[in-house]
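Asker: can you look at this prediction? I've put the sequence above it.
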2 protein chains.
Amino acid sequence: MSSDMTTKTGQPLDRQTLDNLLRRRLFYTPSFEVYGGVSGLYDYGPPGCSLQANILDTWRKHFVLEEDMLEVDCSMLTPSEVLKTSGHVDKFADWMCKDPKTGEIFRADHLVEEVLEARLTGNKKARGEEVVVDEAKEAQKKKKKAKDAGAIRLDDAVVQEYEETLAKIDNFGGEELGALILTHKIKNPTTGGDVLPPVAFNLMFQTSIGPSSNLPGYLRPETAQGQFLTFQKLLDFNQQSMPFASACIGKSFRNEISPRAGLLRVREFMMAEIEHFVDPEGGKKHPRFDEVKNVKLGLLNRDVQLSGSTELTHMTMGEAVSTGIVDNETLGYFVVRICLFLLRIGADPKKIRFRQHMKNEMAHYASDCWDAELFTSYGWIECVGCADRSAYDLTVHAKKTGAPLCVRETRKEPLTIEEWVVDIDKKKFGPKFKKDGKAVEAAVESLSQDVREKLSLDLEENGKIEVDVPDVGGGKAEIDKDLVKIERRTRVENVREYTPNVIEPAFGIGRILYTVMEHVYWSREGSEERGVLSFPPPVAPTKVLLVPLSSHSDFKPLVRRLGQKLRQLGITNRVDDSTASIGKRYSRNDELGTPLGITVDFQSVKDETFTLRDRDSTKQVRADEDRICNAVQSLVQGESTWKDIANELPEFTQQDVD
Amino acid sequence: MSSDMTTKTGQPLDRQTLDNLLRRRLFYTPSFEVYGGVSGLYDYGPPGCSLQANILDTWRKHFVLEEDMLEVDCSMLTPSEVLKTSGHVDKFADWMCKDPKTGEIFRADHLVEEVLEARLTGNKKARGEEVVVDEAKEAQKKKKKAKDAGAIRLDDAVVQEYEETLAKIDNFGGEELGALILTHKIKNPTTGGDVLPPVAFNLMFQTSIGPSSNLPGYLRPETAQGQFLTFQKLLDFNQQSMPFASACIGKSFRNEISPRAGLLRVREFMMAEIEHFVDPEGGKKHPRFDEVKNVKLGLLNRDVQLSGSTELTHMTMGEAVSTGIVDNETLGYFVVRICLFLLRIGADPKKIRFRQHMKNEMAHYASDCWDAELFTSYGWIECVGCADRSAYDLTVHAKKTGAPLCVRETRKEPLTIEEWVVDIDKKKFGPKFKKDGKAVEAAVESLSQDVREKLSLDLEENGKIEVDVPDVGGGKAEIDKDLVKIERRTRVENVREYTPNVIEPAFGIGRILYTVMEHVYWSREGSEERGVLSFPPPVAPTKVLLVPLSSHSDFKPLVRRLGQKLRQLGITNRVDDSTASIGKRYSRNDELGTPLGITVDFQSVKDETFTLRDRDSTKQVRADEDRICNAVQSLVQGESTWKDIANELPEFTQQDVD
């Protein structure tokens, strides 16, 4: 068993069995497998592709349509200048170590992790303790033919040190990882050779735009930048009304050093991101907060984590915001909406938590961040980030380009401002300071109100002031009172100009998709091999399986008519008229997660009634075509449950197809 | 006026006016504009993004759902080995010329075109003829500050030569373009300097996958390769049943040398591709051909083009296939289905034609190809290609990787094959031919049946045979009868193995989207500036505009309730409660292509009835909430037209909002 992950029905989840099912049924498959594959790249087959489309469709309804968000579709190819400004060229990197002899490259934190874990396992073996084997990790090691660390006993103090290091492994920078490699004598696990100190490896895929190779570009690492750069036009489109949100669905890219964990860490992935632009003044209230304030969530805040605990605090979002655990209403509103979305597409409520980022863990642009983490056989996995990016991005892009990425609104009441103003006599300034003139002028103009007030007294008392000017003469400049005047004045401001803050719920759709498959997976009692994927009908890849009892030609027109009718209702269906038994055909579709089955039998030919089967209970009802189609439609749209249908339509028990 | 393109209502279409509308309403906008933009990269704003989603949704229903296609989502990042095999690394290129002095790079065919056209214009001026100005091209030239060619008269023979060259410009290779540049003394139009001979520039964006830069990759130039590589798994998924089709929607990339023509030639674009796999035996019949055979289309076949004409032949697809104009039923079936799709999303039937590719014009993989071309202000534009790729791709990938990309089916009747078999005595072969042994062996084994028969006689008569073996000795090898035996034998084949042929309808969604906008655009009579985009309701970006008569607080709850009700029906709607007049608000939404408007007025507050307005006729009806919402739903789903609704519900004429 690879972890303490359980199936939907509470049995231990065997990841290998589930993975075999997902590949057999073509939910996903490694890309370019006939060419040997490329790690971190996967294709979705028909059920995976349909599941993804349904999750995205639900996402659009839940967020974009429900809240009138402005959806955009931005370019993936991005000139490097944009990502230089956003900080990604400098900071979007992982640390890698090279083995200079073999040329192998390791992600530094993974290397430390792997070696220390192997030593801890060796220690347990030496002590005769039980060893829990993570099959996925083992499989990877076998591939690389790593040397077994051997059963070597470690001192208790060393064990504790290793465990503490592993607990904090995500928080180390390159220098710290380098120090760990030296201290713990960490080597290439395959050859035992030394590795070079960690160097930063930028995770963006680089390319060149146009024929002259003088416009370097990257594949976007997130959809967000395109949204920020269009901010001004979106604000115009929204008729200058604040707050509003933009949204973008599309692929982003991350050139992982050594992808692992299947669909959870890939190099090309579907994202759905929202940028909610809000006035930073007034505490970032949200007009619909009332609708979510009574929803209870499991939160894991920063302080609890600092105390070394991972125990969840269950509380309503209203409490969380009023006690300051969640910083503001808008952040809190989206945390709840994210949770409701995850439940809607089939995530298990017991396997959802919201974890606040530690200060040193946050992305370079974030001022606060809560992750929706879902429990999987790989442990708790970040699937949605909900970050407060403050005014970071709009500010840096506006500064770089001079574009007015801000809101200008007429004040209801004009604002009267009293302030200290500095007047410089520019005519005399040049001759006095010569080439340093501009620098001194800039230094004076950037003086704070407090300093201005103090200097106004100096000017009055001494007839001159002294100002810090870095890079000029002795770092200070003396200015006489005939060159400068400092006065307290009043001015009236009619327009308020501000840079909005951004709350960003960012969804890793691929991770969510995989996790939901783990959450809805179970197997029929007594037969482990009969896997079922209990997707909620609205997201299930195919909604209805049409099963003629046999290949008898009388069934064909009925099957065709039903298929056509369902298609017209926009309901995906597939016919299985293979020669396999009805039970086998239903089993295959249990694995595909098809929630409903319609059987066409001899009774159907006689009286045009059909049986409708529920995947989860395997119960059946029987009724005429219209009532069956209505039931299907209502189930697929999420308007009723099987229980409702079973109450309405007569049960059918004659055939035992399972 | 930029061309003889007309609006929906037959008036001359002014592209600049339409383009201003599209940008003002944020259908699209240049990507990264605050950074100066990157040519060939565009973002879709909310209406463009929604239009794209609706077109794709219609595409999925029309093709994938209707025909049970197997939709997949494949990686964009593609290792270079795959694209080397497919031929893209060697052949997916345009010809470019560099000006060595300025460093400027020109697409060779564009350069020749631009210079010759300028000279023809100069000639017309010199002769005092009327000059039609293409504004878009002029704008580009102005940007580059090209020298005016001046009013220079050309000989009649030269004019004719230039015109003939321009007509064939798409068909020239690098050497021919180089010759044209020399012959016609074509220079850099800006500086008059010489340009270097054309060199091939590969149009794929290159990058490097993983940290070690030893896995070169490209962004895919089409989605097709991913589908081909998954063929075997898709065939398994389809339970070995043929024919079947896969489909893929996603972005592809093309590093254009000098993108122009706005959204029609871009570097990153949405595609939707179908690969229909069909048994090449039996004439590529299609089971549903009967459903389309009576549809009449405008065809422009190869022979008509060769004769120098562009006149369309209007005929049914049944006729086209039976007369051999369209090669086979499957190709014909998809040509019709493509046409029906284009009509469904709003293309003007008078502006659609199907043009067969000339032999030297086809992509390297195609054996036949019909393009759906749509008429635009840029002329006839290829929007959908429908190519018969024969067995090209599956064959080359199978050959390269050894993967069995083929169909194996049990023959109904075992096949008895009589054939000439060559037996080689391998023990003697090596000693005799030494290092050439393998080559001779291969040459013998690849002999055709005819040659084998002939050689069997030689062997009998002369006791030896002579076989062509390139690269060995004198290009021939003599083999004695003790080394080789040739006999006629009979064998029985129970399984038939074949490589399917592929019919590929490939849709450039961005081009279709832009073209549809040109086709549905018109302006209200008497006021050119009041543009309308008459999208069919199912693809319109927003379906309903909710307009409260004023900001009176009584209207708010009604507007909210209507919005909520429509959202629940899955119908996108936007509220415009700005202070602008109702007429102005409707005008704005005419430009956005919103087909329906619901006005909330004082009567609504009294009796809960509402007016529903039709964008195209500006007519209104009035009814209660349920009947209005039902009418909206039925219009949006394409089930009824405004005429139906106007017949059902009472007309409302009281308010004149326009």
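Answerer: All right, it came through fine. The shown structure was predicted, so the numbers you read here are calculated from the model rather than taken from an experiment. Numbers count the residues shown, from 1 in each chain, chains lettered A, B, ... in the order given.
Asker: next, the contact list for residue A:62, please.
Answerer: Residue A:62 makes contacts with A:337, A:340, A:341, A:344, as judged by CB atoms under 8 Å, 6 or more residues apart in numbering or on different chains. Every residue, glycine included, has its C-beta placed from N, CA and C.
Asker: drop anything exposed from those residues.
Answerer: By neighbour count, with 16 or more other CB atoms under 10 Å in any protein chain shown, the contacts of residue A:62 hold A:337, A:341, A:344 as buried.
Asker: and the stretch 201-350 of chain A, which residues reach chain B?
Answerer: Proximity of the stretch 201-350 of chain A to chain B is assessed by CB under 8 Å from any CB of the partner chain, with A:201, A:205-212, A:215, A:217, A:219, A:226, A:229-230, A:232-234, A:236-237, A:239, A:250-251, A:253, A:255-257, A:267-268 identified as the residues in range.
Asker: tell me where the model's unsure across chain A.
Answerer: A:1-3, A:132-149, A:655-658 (pLDDT under 70).
Asker: who's in contact with residue A:45?
Answerer: Under the criterion of CB under 8 Å, 6+ apart, the neighbours of residue A:45 are A:25, A:26, A:27, A:28, A:29, B:70, B:72, B:230, B:233, B:234, B:237.
Asker: which ones are touching the closest residue to it other than its chain neighbours?
Answerer: Spatial nearest neighbour of residue A:45, excluding adjacent residues (CB to CB, 6 or more residues apart in numbering or on different chains): residue A:26 at 3.0 Å. Remark: with contacts taken as CB under 8 Å, 6+ apart, residue A:26 is in contact with A:45, A:46, A:47, A:48, B:233, B:234, B:236, B:237.
Asker: try 6 Å
Answerer: A:45, B:233, B:237 (CB atoms under 6 Å, 6 or more residues apart in numbering or on different chains).
Asker: now residue A:98
Answerer: When contacts are counted by CB under 6 Å, 6+ apart, residue A:98 is found next to A:105, A:196.
Asker: now do 7 Å
Answerer: The contact partners of residue A:98, taken as CB atoms under 7 Å, 6 or more residues apart in numbering or on different chains, are A:105, A:195, A:196.
Asker: around chain B, pick out the residues from the stretch 51-200 of chain A.
Answerer: For the stretch 51-200 of chain A, the residues in contact with chain B under the definition CB under 7 Å from any CB of the partner chain are A:52, A:65-66, A:68, A:70-77, A:79, A:81-82, A:96, A:105.
Asker: change it to 8 Å
Answerer: Listed as neighbours of chain B in the stretch 51-200 of chain A under the rule CB under 8 Å from any CB: A:52-53, A:60-61, A:65-66, A:68, A:70-79, A:81-82, A:96, A:103, A:105.
Asker: buried subset of the residues you listed, written for PyMOL?
Answerer: In PyMOL, selecting the buried portion of these, with burial taken from 16+ other CB under 10 Å, looks like this:
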select buried, chain A and resi 52+53+60+61+65+68+70+71+72+73+74+75+76+77+78+79+81+82+96+105
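Asker: which of the residues of the stretch 51-200 of chain A next to chain B fall within strands?
Answerer: A:70, A:71, A:72, A:77, A:78, A:79, A:96, A:105 (DSSP state E).
Asker: any idea how far residue A:276 is from the first one?
Answerer: According to CB to CB, to the nearest Å, residue A:70 stands 11 Å off from residue A:276.
Asker: the second one too?
Answerer: As judged by CB to CB, residue A:71 and residue A:276 stand 13 Å apart.
Asker: does residue A:553 sit in a helix, a strand or a coil?
Answerer: Three-state call for residue A:553 (DSSP: H, G, I helix; E, B strand; the rest coil): coil.
Asker: ok, now how distant is it from residue B:650?
Answerer: From residue A:553 to residue B:650 the distance is 51 Å (CB to CB).
Asker: who has more neighbours, those two?
Answerer: Using other CB atoms under 10 Å in any protein chain shown, the more surrounded residue of residue A:553 and residue B:650 is residue B:650, with 11 against 8.
Asker: that one against residue B:623, yeah?
Answerer: Yes. Taking contact to mean CB atoms under 8 Å, the distance of 7.0 Å between residue B:650 and residue B:623 places them in contact.
Asker: show me which of the contacts of residue A:26 is closest to residue A:302.
Answerer: Nearest to residue A:302 among the contacts of residue A:26 is residue A:45, at 40.9 Å by CB to CB.
Asker: which ones are touching the residue in the stretch 301-450 of chain A that chain B sits nearest to?
Answerer: Checking the stretch 301-450 of chain A residue by residue against chain B with CB to the nearest CB singles out residue A:403 as nearest, at 3.9 Å. The neighbours of residue A:403, taking CB under 8 Å, 6+ apart as the test, are A:232, A:397, B:34.
Asker: cool, residue A:614 as well?
Answerer: Residue A:614 makes contact with A:595, A:596, A:620, A:642, A:645, A:646 under the criterion CB under 8 Å, 6+ apart.
Asker: ok, what's across the strand from it?
Answerer: Under the criterion DSSP bridges, residue A:614 forms beta bridges with residue A:596.
Asker: other residues contacting stretch A:418-437?
Answerer: A:440-441, A:444-445, A:447, A:449, A:452-453, A:456, A:469, A:472-473, A:477, A:482-491.
Asker: number of nearby residues for the closest residue to residue A:283 other than its chain neighbours?
Answerer: Distances taken as CB to CB, 6+ apart put residue A:328 closest to residue A:283, at 5.9 Å, once the chain neighbours are dropped. Neighbourhood size, residue A:328 [other CB under 10 Å]: 21.
Asker: from residue A:285, how far off is residue A:328?
Answerer: Counting by CB to CB, the gap from residue A:328 to residue A:285 is 8 Å.
Asker: now residue A:316
Answerer: Applying CB to CB, the value for residue A:316 to residue A:285 is 17 Å.
Asker: and the helices in the stretch 551-658 of chain A, which stretches?
Answerer: With DSSP state H, counting those that start in this stretch as the criterion, the stretch 551-658 of chain A has helices at A:555-568, A:582-591, A:602-607, A:625-636, A:642-648.
Asker: how close does the closest residue to chain B within the stretch 251-400 of chain A get to residue B:209?
Answerer: Shortest the stretch 251-400 of chain A-to-chain B distance, computed as CB to the nearest CB: residue-wise this is residue A:257, at 4.8 Å. Distance of residue A:257 to residue B:209, given as CB to CB: 11 Å.
Asker: show me which of the two is the more surrounded one.
Answerer: Set side by side, residue A:257 and residue B:209 give different neighbour counts by other CB under 10 Å, the larger being at residue B:209 (24 against 21).
Asker: so who does the more buried one touch?
Answerer: In this structure, residue B:209 makes contact with A:38, A:41, A:205, A:255, A:267, B:77, B:79, B:215, B:216, B:217, judged by CB under 8 Å, 6+ apart.
Asker: now with 6 Å?
Answerer: By CB under 6 Å, 6+ apart, the residues touching residue B:209 are B:215, B:217.
Asker: buried ones in the longest strand belonging to chain A?
Answerer: Among the elements of type strand in chain A, defined by DSSP E, the one spanning the most residues is strand A:407-424. Judged by neighbour count (16+ other CB under 10 Å), strand A:407-424 contains these buried residues: A:407, A:420, A:422, A:424.
Asker: once you drop chain neighbours, what's closest to the second one?
Answerer: Across the structure, with CB to CB, 6+ apart as the measure, the residue nearest residue A:420 apart from its sequence neighbours is residue A:452 (3.7 Å).
Asker: would you say that neighbour is within a strand?
Answerer: No. Going by three-state DSSP, the assignment for residue A:452 is helix, not a strand.
Asker: what distance do you get for it to residue A:416?
Answerer: Separation of residue A:452 from residue A:416 (CB to CB): 18 Å.
Asker: so how far is the lengthiest helix in chain A from its chain's centroid?
Answerer: Once chain A is assigned using DSSP state H, the helix that runs over the most residues is helix A:108-127. The offset between the C-alpha centroid of helix A:108-127 and the centroid of the whole chain comes to 30 Å, using CA atoms, centre = their mean, to the nearest Å.
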